[in-house]
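In: Please find the sequence and the predicted model below.
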Amino acid sequence: MPLQRRLPKRGFTNIFRKHYSIINIKDLDRFEPDAEVDSNVLRKAGLVKGRYDGIKLLGQGELSHPVFVKVHKVSKVAREKVEAAGGRIQLI
């Protein structure tokens, strides 16, 4: 009997799981002040590669100028840091 039939199956794979591309606050510092940053701009900058269901903004790093960010999800810390720098976040 083949090995894959002799070994037990383990775990569960959720077929409805959403895969998000991760962007940190420190990655937004390369854009111009008051720039509008969305998924197309992030792909052109090389920060998002491949196929994802959305983009999630996390709060690692610092932001020195305001930017307008359009993402699918955002963490609480990232929202606070963007708004403290004078920027805005819009959820898609």
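Out: Cool, the structure landed.

In: What is the subsequent helix or strand relative to the one helix or strand Lys70 maps to?
Out: Lys70 belongs to strand 68-71 when assigned by DSSP states H and E. Sequence-wise, the next helix or strand beyond strand 68-71 is strand 73-74, with elements assigned using DSSP H and E.

In: Contacts for that next one next, please.
Out: Tyr20, Gly54, Ile55, Lys56, Leu57, Ile89, Leu91 (C-beta atoms under 8 Å, 6 or more residues apart in numbering). C-betas here are computed from N, CA, C, even on glycine.

In: Which residue ranges of the chain form strands?
Out: For the chain, the strands defined by DSSP state E occupy 20-24, 36-37, 54-58, 68-71, 73-74, 88-91.

In: Nearest to Val48, out of those strands?
Out: strand 20-24 (4.7 Å; C-beta to C-beta).

In: The closest one - contacts with which helices or strands?
Out: strand 54-58 (3 or more C-beta pairs under 8 Å, 6 or more residues apart in numbering; DSSP states H and E).
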